[in-house]
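please work out how this folds:
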Amino acid sequence: MKGELLMNNLQLIANAALEHGVFSELEIAEFIDQGYIPLHCKSEWDKIGAEKGVIYKIKDGEKGITCSIWKAKNTQNGKPSFYKAKCCFYKEEQLIKEKATLDM
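Numbers count the residues shown, from 1 in each chain. Predicted structure coming up:
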């Protein structure tokens, strides 16, 4: 567990992507160097879509990779505490991009 606590979310997601064969070792190494992996959970795709004016929907039959990552929660003294939470991550190719419409 000690080594696991030293891993950040980027490393946790990279390890899961490599384990599931989503990316090659070379691709993972490049992503780690860039500090970014193009895998996101649905809520993050929603935020990205809102910035771009699109809605992302998961394609029928697509399965994301499940990975436990660190999440922060505030405590009464205002200092964050961390816990592990399972999240499901998707590549953009697994999504349908639709133009967002304004509801009036």
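
for the rest of this, base every contact and every neighbour count on C-alpha atoms.
Will do.

ok, residue 17 - how many residues close by?
23 (other C-alpha atoms under 10 Å).

sec struct for it, please.
Put simply, residue 17 is helix when judged by DSSP: H, G, I helix; E, B strand; the rest coil.

ok, it touching residue 29?
No. Contact criterion C-alpha atoms under 8 Å: residue 17 and residue 29 do not qualify, at 11.7 Å.

any idea what the residue sitting nearest the centre point of the chain is bridged to?
Nearest to the mean C-alpha position of the chain, by C-alpha atoms, centre = their mean, lies residue 40 at 2.9 Å. Residue 40 forms beta bridges with residue 90, as assigned by DSSP bridges.

so it sits against residue 89, correct?
Yes. At 4.9 Å, residue 40 counts as touching residue 89 under the criterion of C-alpha under 8 Å.

buried residues in the helix or strand hosting residue 47?
Assigned by DSSP states H and E, residue 47 belongs to helix 42-52. Of all the residues in helix 42-52, those buried under the rule 16 or more other C-alpha atoms under 10 Å are 42, 45, 46, 49.

before we move on, what about stretch 95-104?
Going by neighbour count (16+ other C-alpha under 10 Å), the buried part of stretch 95-104 is 95, 97.

all further residue positions should be reported with the first residue as 611.
Taking 611 as the first residue, the last one we looked at is stretch 705-714.

good, wrapping up.
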